[in-house]
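J.: Sequence and predicted structure are below.
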Amino acid sequence: MKWALVRVCLAVTLMVVAAFAVPLAIAVRDAARDRAFTAAEREGAAIGPVLSLTIDRELLAHALASTRAGAEGRMSVHLPEVPVAELGGTRVRPQDVEDAERRGRMVRIAVPGGWVVLQPTALGSSRMAVVEVFVPAHDVTEGVRTAWLVLAGVALALVVGSAVVADRLGVRMVRPAERLAEAAHALGEGRLDARVPEAGPAELRTAAQAFNKMAEQVISLLEAERELAADLSHRLRTPLTALRLNAASLGDGPPAEQTRAAVAKLEGEVDTIIRSAREHRPCAGTGPVPGLGCDAAAVVRERLDFWAALAEDEGRPVRVAGTEEPATVPVARAELAAALDVMLGNVFRHTPEGTGFSVDLHRGGDALIVLVSDAGPGIADPEAALRRGNEGGRAGSTGLGLDIVRKLAESTGGEVSIGRSVLGGAEVRVRLGHAPRPTGRRPRARRGGRRGTTARHTASSGPR
């Protein structure tokens, strides 16, 4: 924008210079020529009174010598008695003198080195003398070059001044717009303290005021959202306290220990949410962290061991494949485990008991694909299932589970899709980007049908 303004100003200035400087330069040249010719005519006319009184050659020679042009040898007189003047040198042909005498008026003739002015002068009723004055070329152009240089300097100063003024004006107009764009990018990157100085033209000041007001409103909305998240999470402490007290009364034994461990983990998750909201920092799962990664195959084996006990109780056959070799993905272990729990929890919640499911890992190029398939009724509207907050009218569903999985996949450059599995039910395909090729081998994961390390009937309630 700034350079466009500079170019426009330069174009206008150049047109103005061309419109005024060129005609002025021509006028200066013509004025210098007229001045030189006028001086020559005046000197030629000074001989007229002498010629009207006498044509004596000595007196005429003395009169010629008294003039500047005559003293410099640039003036001569053509008398009617002879075809060629004898007083002074001549630079024209006899025909030119006769033509001027016949016309009876001044004639200008271009000759090598300048111009000749022939001025007829009447000697009597029938006789005519012609005064010849030579005007050198440097007299015709005297002062023209200097005047043209001055005009060129003035034109250059106007062009440079126009460019400087346009540049300063462009900076005054463009810089506030650049600051506005920079602040918008900063706000989009999460820097909520980004503000725009309210400077510049009136329109840009209005835009800066609107941006700053919008930024304040965004902060207010985020503050309200954080407080709401913290308050809602804090309300969970009362039922969690009751669960912890009930778990403490279960006595000893693996089931009781497993229940108490699950309650403690749930309390830790609630505390993490509250602290994240209060400290104005994002919770886990909002994006990849540089240098952070985990072995997806190990996480799959771990979560299947977790769900194995419930699968055995409900008579669900489980198949797992592709976990024999390590598969590193750029996400935190806890985030990947939470996403797997969402998908597996959906299988247990939305399919009848006895329905089998499978988990497969496929490596392709720089991506890792996680497939969770079941033999249930499937998902009638896959697009709606991936839409955040759409519970599809199912009791106990919040419509957030698969959205968590989608965000995890997109944070690695991947995606989530839902289709029909080979088992006849739903298939959730999660593609995680930037997964390197396996570099070693790991023991085969144990298939379903074994009890894991979790309490029974603690299935995740993540919705599809």
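T.: Cool, got the structure.

J.: The worst-scoring helix or strand of the chain on mean pLDDT: what's the following helix or strand?
T.: When each helix and strand of the chain is scored by mean pLDDT, DSSP states H and E, helix 237-248 comes last, with a mean of 69. As assigned by DSSP states H and E, the chain's next helix or strand after helix 237-248 is helix 254-278.

J.: Now do that next one: which elements does it pack against?
T.: helix 202-235, helix 237-248 (3 or more Cβ pairs under 8 Å, 6 or more residues apart in numbering; DSSP states H and E). For every residue, glycine as well, the C-beta is placed using N, CA and C.

J.: between those helices, which gets nearest to Met343?
T.: helix 202-235 (23.8 Å; Cβ to Cβ).

J.: How about the residue in this structure that sits furthest from its center?
T.: Distance to the chain centre peaks in the chain at Asp56, reaching 90.7 Å (criterion: Cα atoms, centre = their mean).

J.: And the strands in this structure?
T.: 75-78, 107-111, 114-122, 128-136, 294-295, 318-321, 328-329, 357-364, 367-374, 415-420, 426-433 (DSSP state E).

J.: so what strands line up beside the second one?
T.: Strands that pair with strand 107-111, judged by DSSP bridges, come out as strand 114-122 (antiparallel).

J.: who touches the partner strand?
T.: For strand 114-122, contacts defined as Cβ atoms under 8 Å, 6 or more residues apart in numbering pick out 37, 40-41, 44-45, 47-48, 51-52, 91-92, 96-97, 100-101, 103-110, 128-140.

J.: quick one: buried residues of stretch 53-68?
T.: Ile55, Leu60, Ala63, Leu64, Thr67 (16 or more other Cβ atoms under 10 Å).

J.: List buried residues within the contacts of strand 114-122.
T.: 37, 40-41, 44, 47-48, 51, 91-92, 96-97, 100-101, 106-107, 109, 128-135, 139-140.

J.: still on that earlier bit, deepest of the strands of the chain, which one?
T.: strand 75-78 (a mean of 26; mean count of other Cβ atoms under 10 Å).

J.: Which other helices and strands does that strand contact?
T.: Checking 3+ Cβ pairs under 8 Å, 6+ apart, strand 75-78 ends up next to helix 57-65, strand 128-136.

J.: Could you save the helices and strands packed on helix 254-278 as CSV and add columns showing distance to Val370 and mean neighbour count?
T.: Formatted as CSV, those follow (distance: least, Cβ to Cβ, whole Å; neighbours: other Cβ atoms under 10 Å):
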stretch, distance to Val370, mean neighbour count
helix 202-235, 28, 13
helix 237-248, 31, 13
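
J.: Adding distance to Trp115, write those helices out as a markdown table.
T.: Listed next are the helices and strands packed on helix 254-278 as a markdown table, based on distance: least, Cβ to Cβ, whole Å:
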| stretch | distance to Trp115 |
| --- | --- |
| helix 202-235 | 63 |
| helix 237-248 | 111 |
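
J.: lowest-confidence stretch among the ones you listed?
T.: Comparing mean pLDDT across these, the weakest is helix 237-248, with a mean of 69.

J.: While we're on the nearest residue in space to Pro176 that is not next to it in sequence, how confident is the model there?
T.: Once flanking residues are discounted, Pro176 sits nearest to Gly200: 3.2 Å by Cβ to Cβ, 6 or more residues apart in numbering. With respect to pLDDT, Gly200 scores 74.

J.: Quick check: Gly200 vs Ala409, distance?
T.: 43 Å (Cβ to Cβ, to the nearest Å).

J.: I'm done for today, thanks for sticking with me.
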